[in-house]
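>>> coords below, sequence missing:
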Ligand SMILES: *Cc1c(COP(=O)(O)O)cnc(C)c1O
């Protein structure tokens with residue numbers, strides 16, 4: 001099924017409830033019909049009627065749809081994107097193992113790799129994601145996992161998914177891609193050879209800035225292995241969030257297509273504005289990896305990095321002067337959000353770490369929502385005028 005039909009029908013569970021809208025199952029526990037049935041649920045893999053940390057019919061419905069979207073056999077929901085990432089990594093790695101990942105990741109993923117994993121004797125080598133040879137050079141005999149994220153924050157750098165998947169697979173190493181920024185509408189890593197896909201479902205998948213959830217999709221045996229750890233670590237999704245997520249997913253292809261189109265128009269407009277020094281957007285021919293973006297993505301996404309000619313102070317003034325776009329973190333909702341990257345990180349990172357993460361002091365990230373393109377262009381124009389040079 002095409003994704004546009006899949007988001008409407010891909011969760012059907014074949015039960016005999018005639019409701020058109022999904023039923024929200026809130027029960028934390030279930031009555032067993034017999035001692036044998038109780039024993040069977042207690043020892044089942046991913047039971048749906050045992051105890052809600054183990055699974056539940058609403059979660060299962062949403063997971064079926066997510067698996068379909070990522071062209072995977074199976075999916076598992078979590079309490080958050082970080083719940084999905086940390087549980088998956090902890091489930092797949094053990095003391096003495098090594099992981100290869102990128103210098104640029106979602107900041108909490110970087111912390112997981114550099115601050116938490118060493119406590120359990122797991123090493124990580126971080127490489128420049130734009131350099132495929134660097135991934136090959138970082139692999140060791142004890143490497144068990146390669147983690148990629150593309151496009152990544154803050155400059156929308158890309159990883160060549162097919163190339164990295166092929167070199168890891170040739171050595172029997174698993175690959176995990178954070179597909180949050182692209183969404184399965186714009187990029188399907190599994191079709192390029194990646195084993196496992198994770199999402200912050202808080203972003204595009206949910207799409208309305210009203211839930212926090214995460215997801216993992218991949219081959220059934222691997223997802224079941226992660227589930228064994230997930231029930232121990234306990235970052236399980238709430239049924240209500242899974243229900244909201246199902247509701248958001250119905251319009252995912254429409255929302256992402258609109259955001260792609262508006263972001264491209266806005267990126268082009270910003271690139272031609274005299275108060276703008278540089279625009280980072282994979283859909284612009286000026287993006288250093290535009291050809292790769294055109295090859296591995298079906299759309300270029302709704303995130304734009306814009307560096308103001310006036311530097312740090314102008315960037316702060318610009319974000320404050322926006323009227324439609326709220327000054328806020330996160331992305332993927334119906335509303336446009338903007339954040340000054342350096343202001344966001346200067347409390348927790350040193351200036352050297354900020355520079356190493358590729359964050360220019362003048363950089364503003366715009367997460368394009370679903371407002372009329374002309375209104376957003378007018379908003380950035382008036383804010384650029386106020387921000388000055
Ligand atoms: C937000 C985000 C996460 C973390 O997800 P949460 O739902 O906030 O835990 C991970 N990766 C990327 C790329 C994100 O944008």
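Noted; the coordinates are in hand. For clarity, every value in this text was computed on a predicted model and none was experimentally measured.

>>> Contact residues of the stretch 101-250 of the chain facing the ligand?
Within the stretch 101-250 of the chain, the positions near the ligand by Cβ under 6 Å from any ligand atom are 106, 149, 178, 180-181, 200, 202-203, 212, 214. The way it works is simple: take the backbone N, C-alpha and C, and place the C-beta from them, glycine included.

>>> with these in mind, which one is nearest to residue 16?
Taking Cβ to Cβ as the measure, residue 16 sits nearest to residue 214 out of these, at 31.2 Å.

>>> Bridging across strands, which residues link to the closest one?
Under the criterion DSSP bridges, residue 214 forms beta bridges with residue 78, residue 200.

>>> Also residue 339?
Beta-bridge partners of residue 339, as defined by DSSP bridges: residue 365.

>>> need the contact list for the closest residue to the ligand within the chain.
Across the chain, the shortest distance to the ligand (Cβ to the nearest ligand atom) belongs to residue 81, at 2.3 Å. For residue 81, the contact set (Cβ atoms under 8 Å, 6 or more residues apart in numbering) comprises 106, 178, 180, 198-203, 213-214.

>>> one step back: in strands, which of the residues of the stretch 101-250 of the chain next to the ligand appear?
Using DSSP state E, the members of these that fall within strands are 149, 178, 200, 214.

>>> any idea which of those residues has the most stuff around it?
Most neighbours among these, by other Cβ atoms under 10 Å: residue 200, with 28 neighbours.

>>> isn't that one right next to residue 214, touching?
Yes. Assessed by Cβ atoms under 8 Å, residue 200 is found in contact with residue 214 at 5.8 Å.

>>> Now the common contact residues for these two.
The contact sets of residue 200 and residue 214 overlap at 80-82, 84 (Cβ under 8 Å, 6+ apart).

>>> Can you add secondary structure and pLDDT and give the residues you listed back as JSON lines?
Shown next, in JSON lines, are the shared contacts of residue 200 and residue 214 (DSSP: H, G, I helix; E, B strand; the rest coil; pLDDT from 0 to 100):
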{"residue": "80", "secondary structure": "coil", "pLDDT": "98"}
{"residue": "81", "secondary structure": "helix", "pLDDT": "98"}
{"residue": "82", "secondary structure": "helix", "pLDDT": "98"}
{"residue": "84", "secondary structure": "helix", "pLDDT": "98"}
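
>>> out of those residues, who has the most neighbours?
Counting neighbours by other Cβ under 10 Å, residue 84 comes out on top of the shared contacts of residue 200 and residue 214 with 31 neighbours.

>>> Please name the nearest non-neighbouring residue to residue 267.
residue 281 (3.8 Å; Cβ to Cβ, 6 or more residues apart in numbering).

>>> can you check residue 13 too?
Using Cβ to Cβ, 6+ apart, the closest residue to residue 13 is residue 61 (5.6 Å).

>>> tell me the contacts of that neighbour?
Per Cβ under 8 Å, 6+ apart, neighbours of residue 61: 11, 13, 22, 242, 246.

>>> circling back: could you work out the most separated pair of the residues of the stretch 101-250 of the chain next to the ligand?
Taking Cβ to Cβ, the two most distant members of these are 149 and 212; they sit 18.7 Å apart.

>>> mind checking how far the residue nearest to residue 267 is from residue 385?
For residue 281, the distance to residue 385 equals 22 Å [Cβ to Cβ, to the nearest Å].

>>> Of these two, give the one with the bigger neighbour count.
Comparing residue 281 with residue 385 by other Cβ under 10 Å, the one with more neighbours is residue 281, at 28 against 11.

>>> Quick one: residues contacting that one.
156, 263-264, 267, 287, 300, 303-305.

>>> ok, 7 Å please
When contacts are counted by Cβ atoms under 7 Å, 6 or more residues apart in numbering, residue 281 touches 156, 263, 267, 287, 300, 304.

>>> buried subset of those?
Buried members of the contacts of residue 281, counted by 16 or more other Cβ atoms under 10 Å: 156, 263, 267, 287, 300, 304.

>>> For the first one, which non-adjacent residue is closest in space?
What it means is residue 156. residue 280 (4.8 Å).

>>> where do the strands sit along the stretch 151-300 of the chain?
When secondary structure is read from DSSP state E, counting those that start in this stretch, the stretch 151-300 of the chain shows strands at 174-178, 196-200, 214-218, 276-280.

>>> export those to a markdown table and tack on mean pLDDT?
Formatted as a markdown table, the strands of the stretch 151-300 of the chain follow (pLDDT from 0 to 100):
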| stretch | mean pLDDT |
| --- | --- |
| strand 174-178 | 99 |
| strand 196-200 | 99 |
| strand 214-218 | 98 |
| strand 276-280 | 97 |
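
>>> Would you convert those strands into TSV that also reports distance to residue 351?
Formatted as TSV, those follow (distance: least, Cβ to Cβ, whole Å):
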stretch	distance to residue 351
strand 174-178	26
strand 196-200	27
strand 214-218	31
strand 276-280	19
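
>>> mind listing the helices in the stretch 101-250 of the chain by residue range?
107-111, 132-138, 161-169, 183-186, 220-233, 239-249 (DSSP state H, counting those that start in this stretch).

>>> I'd like those as TSV, with mean pLDDT, mean neighbour count and distance to residue 27 appended.
Below are those laid out as TSV (pLDDT from 0 to 100; neighbours: other Cβ atoms under 10 Å; distance: least, Cβ to Cβ, whole Å):
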stretch	mean pLDDT	mean neighbour count	distance to residue 27
helix 107-111	95	17	32
helix 132-138	98	16	45
helix 161-169	98	20	40
helix 183-186	98	26	30
helix 220-233	98	17	17
helix 239-249	98	22	9
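
>>> Would you convert those into TSV that also reports distance to residue 379?
TSV is the format used below for the helices of the stretch 101-250 of the chain (distance: least, Cβ to Cβ, whole Å):
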stretch	distance to residue 379
helix 107-111	27
helix 132-138	38
helix 161-169	34
helix 183-186	24
helix 220-233	42
helix 239-249	25
